[in-house]
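*Asks:* Generate a structure from the sequence data that follows.
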Amino acid sequence: MQGFFEGFEAQQVDVGNGISLFVRRGGKRGAPPLLLLHGYPQTHAMWQRVALRLADRFELVLPDLRGYGRSSKPPGAADHANYSKRAMAADIVALMRALGHERFHVAAHDRGARVAHRLALDHPQAIDRLCLIDIVPTLQMYERTDMAFAQAYYHWFYLIQPAPLPEKQIGADAPWYLRWTLSGWGSKGIDYIEPEALADYEQGFCNAEGIHAACEDYRAAASIDLEHDRTSRAAGQRIACPLHVLWGARGVIARLYAPLDDWRAAASGPVTGRAFDAGHFIAEELPEPTADELAGFFAA
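*Replies:* Numbers count the residues shown, from 1 in each chain. Predicted structure coming up:
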């Protein structure tokens with residue numbers, strides 16, 4: 001059995017503006033580059049089992065987003081702009097260029113998928129094909145807020161409260177909060193998470209800087225990100241590249257939204273997709289089917 005990220009190398013990459021991203025690289029050098037982006041409250045480690053299955057077909061790049069894992073965690077700005085999806089997408093473009101990739105595929109989950117959505121709007125020339133996992137557009141979700149959404153996604157309203165309220169409360173027992181979040185959004189408790197991955201999540205999240213950075217990510221989503229999204233909508237910006245969307249049949253997205261319809265309204269290119277028999281953490285709950293789905297889409 002292969003070891004955790006066996007065959008992958010790890011490094012810190014300076015992407016400018018005082019930000020350094022931790023990244024793992026592996027797979028087949030010279031093959032099509034595939035960027036894998038994680039969500040909250042995780043790190044690149046969520047992709048380990050998927051990455052090992054894709055390593056013979058793609059050159060893989062797995063970073064920790066700004067504010068997560070072993071990447072830089074700057075204090076939040078007054079307007080939260082340094083945790084905007086625009087800033088985080090710019091980090092990713094700079095990272096990929098530093099690694100020699102001007103154009104690449106992207107598969108992204110949760111918060112990483114929101115970064116990837118903004119990346120597709122701000123840097124359309126950079127993305128060949130895009131897969132977004134278990135989200136619909138942020139602006140749409142906020143504009144359609146009702147009691148069912150507010151109860152299911154309580155954290156969208158809790159984490160945006162002014163500092164230091166959520167930071168202090170979460171920090172009182174961060175490991176418990178992390179595990180409770182991971183078990184509450186999946187469909188298998190936390191048994192689906194590899195021990196090495198869980199340890200990586202704890203290292204990145206369970207400290208004052210990690211908790212604050214995650215809150216800033218959500219504060220940006222409820223403020224400056226919405227401004228950027230409204231400006232893009234008014235300008236008629238839509239995702240131009242081929243888009244594939246996946247969602248968990250047992251999750252909130254499946255229950256409250258129509259993902260294919262919602263993403264077709266946000267895209268000008270072809271949109272395909274389907275549900276998986278999973279909760280929110282599809283790549284970890286079903287790594288082999290996820291890898292097969294990504295390989296088929298990105299090889300098309």
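
*Asks:* Now for Thr181: which residues touch it?
*Replies:* Thr181 makes contacts with 41, 155, as judged by C-beta atoms under 8 Å, 6 or more residues apart in numbering. Where C-beta positions appear, they are placed from N, C-alpha and C, glycine not excepted.

*Asks:* Just the C-alphas of the helix or strand hosting it, formatted as PDB.
*Replies:* Using DSSP states H and E, the element containing Thr181 is helix 174-185. This file holds the C-alpha atoms of helix 174-185, laid out as PDB (Å, rounded to 0.1, in the frame of the first residue of the first chain):
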ATOM      1  CA  ALA A 174     -11.000  23.900  18.400                       C
ATOM      2  CA  PRO A 175     -10.300  20.200  17.900                       C
ATOM      3  CA  TRP A 176     -13.900  19.400  19.100                       C
ATOM      4  CA  TYR A 177     -15.400  22.000  16.800                       C
ATOM      5  CA  LEU A 178     -13.300  20.800  13.800                       C
ATOM      6  CA  ARG A 179     -14.400  17.200  14.300                       C
ATOM      7  CA  TRP A 180     -18.000  18.100  14.900                       C
ATOM      8  CA  THR A 181     -18.100  20.100  11.700                       C
ATOM      9  CA  LEU A 182     -16.500  17.300   9.700                       C
ATOM     10  CA  SER A 183     -18.900  14.700  11.100                       C
ATOM     11  CA  GLY A 184     -22.000  16.900  10.700                       C
ATOM     12  CA  TRP A 185     -21.500  17.600   7.000                       C
END
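
*Asks:* what comes up buried for the next helix or strand after it?
*Replies:* Heading C-terminal from helix 174-185, the first helix or strand you meet, by DSSP H and E, is helix 195-205. For helix 195-205, burial by neighbour count (16 or more other C-beta atoms under 10 Å) applies to 197-198, 200-202, 204-205.

*Asks:* Between those residues, which sits nearest Lys168?
*Replies:* Phe205 (15.2 Å; C-beta to C-beta).

*Asks:* which non-adjacent residue is nearest the closest one?
*Replies:* Closest residue in space to Phe205, ignoring its immediate chain neighbours: Pro41 at 4.9 Å, by C-beta to C-beta, 6 or more residues apart in numbering.
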